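Q: this is a predicted model, with the sequence first.
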Amino acid sequence: MTSDTDRLRLRLAAGQHVLSISATGSMTPVIMVANRSFCSTHDGSTVAMAPASPVVARWELSYRTRKRRDELGVTGPQIAKVLGFSATYWPKVERDQRILPEEKLTQLLDLLDFPEDEQTELVELRALARERGWWSKYESLFPEQTLRLWGMEFGAEEIGAVESVLIPGLLQTEEYARSLIEADTAFIRQIEVQQRVDARMKRQERLFGQDPLRLNVVVSEAALRQQTGGPGTLHRQLLHIASTIRDHGDTIDFRVLPYTSRTGAIRGCSTFHLLDFPRPGLPTLAWSEVAGYGELIDDEERVHAMTVVFGHLQRESLSADASLDLIEEIADEHKDGAE
């Protein structure tokens with residue numbers, strides 16, 4: 001454990017009087033059972049939450065320790081010096097690229113004056129962060145950022161998704177997904193196609209079953225008309241969306257930005273997602289994607305700007321009922337091609 005001298009040195013180096021540092025309140029207690037999270041309520045009961053994700057746990061651990069460090073006015077180099085880390089190692093910890101050994105984490109939590117119950121919770125988060133999610137089996141096929149997205153997606157409570165010319169991956173049929181993946185001959189070998197299709201279908205399990213993900217989608221009308229895979233494939237894809245909306249209207253909100261919108265396009269319709277999590281105090285994350293590259297974004301200003309754009313696009317879109325009508329109308333236009 002850290003000596004009183006080291007703790008005092010760290011606090012004084014931060015320009016704070018020892019008695020002026022008070023611990024922040026701990027976050028809502030969470031119980032882990034069978035790879036699911038249960039959040040304790042004020043009356044002592046528990047409410048099921050999103051599945052436990054090692055990627056989210058790893059990010060949450062680094063986020064909360066970094067936030068606590070900032071609250072105390074302690075710098076990263078000061079932490080690194082006291083814990084015996086190099087100047088290059090500590091930033092990787094704060095960017096959740098490294099997981100501290102349990103002994104060092106306990107030392108860090110003690111240095112930062114976390115309450116005992118919160119220390120216990122954060123040590124448990126570390127244990128979860130070391131586990132492997134279903135996406136780990138695809139490490140040889142997909143970039144690290146894509147795998148991180150899937151891990152965040154798995155542990156998210158709600159996602160807002162914007163697409164300009166494609167149906168979002170979480171709502172694609174296997175036929176539609178295969179058509180897209182097989183067409184990408186510049187980057188994808190044919191031997192990889194089935195694994196990539198399987199991964200996309202696996203992601204969709206979060207939309208159904210116990211505690212399903214809430215999904216809010218905005219797509220351009222172009223995404224409904226682009227004949228990916230041909231008219232028959234598009235017809236069946238649109239019918240799939242329509243039936244999914246009807247069966248899961250309480251958790252899936254699908255809006256179409258029509259060609260007739262006069263201001264929606266000025267915000268652009270590139271692919272991006274907004275991910276929100278069930279744990280109190282965790283911020284919204286964003287995912288932005290262009291051809292051949294995607295990244296998770298945690299910068300508050302950028303995430304806020306994307307949230308504003310998402311709200312604007314939702315307001316410019318058709319209502320949920322009108323969007324469903326348009327989906328079925330376009331599907332009907334391609335009915336002959338499906339035969």
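A: That came through, no problem.
Q: wait, V123 sits on L105?
A: Yes. With contact defined as C-beta atoms under 8 Å, V123 reaches L105; the gap is 6.5 Å. Yep, even glycine has a C-beta here, placed from its N, CA and C like the rest.
Q: which of those two has more residues huddled nearby?
A: More crowded of V123 and L105, by other C-beta atoms under 10 Å: L105, with 20 against 14.
Q: show me what contacts the closest residue in space to the more buried one that isn't next to it in sequence?
A: Of all residues not flanking L105 in the chain, R126 sits nearest, at 5.6 Å (C-beta to C-beta, 6 or more residues apart in numbering). Residues in contact with R126, defined by C-beta atoms under 8 Å, 6 or more residues apart in numbering, are 57, 61, 99-100, 102, 105.
Q: need phi/psi at R126.
A: Dihedral pair for R126: phi -60, psi -40, per degrees, to the nearest 10.
Q: where in this protein is pLDDT low?
A: 1-49, 264-269, 337-339 (pLDDT under 70).
Q: where exactly do the helices run in it?
A: Assigned by DSSP state H, the chain shows helices spanning 4-13, 54-72, 76-83, 89-94, 102-111, 116-129, 144-155, 174-183, 193-203, 221-225, 231-247, 300-316, 320-333.
Q: middle-most residue in the protein, spatially?
A: The chain has M152 as the residue nearest its centroid, 3.4 Å off, counting by C-alpha atoms, centre = their mean.
Q: hmm, that one is touching L275, no?
A: Yes. In this structure, M152 is within contact of L275 by C-beta under 8 Å, at 5.4 Å.
Q: joint contacts of these two?
A: In contact with both M152 and L275: 285, 287, using C-beta under 8 Å, 6+ apart.
Q: that older thread, next, format the helices of the chain as TSV and append distance to G209.
A: Formatted as TSV, the helices of the chain follow (distance: least, C-beta to C-beta, whole Å):
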stretch	distance to G209
helix 4-13	46
helix 54-72	18
helix 76-83	41
helix 89-94	35
helix 102-111	33
helix 116-129	21
helix 144-155	13
helix 174-183	18
helix 193-203	13
helix 221-225	26
helix 231-247	13
helix 300-316	26
helix 320-333	23
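Q: and of these, who's closest to L213?
A: Closest approach to L213 among the helices of the chain (C-beta to C-beta): helix 144-155, 7.6 Å.
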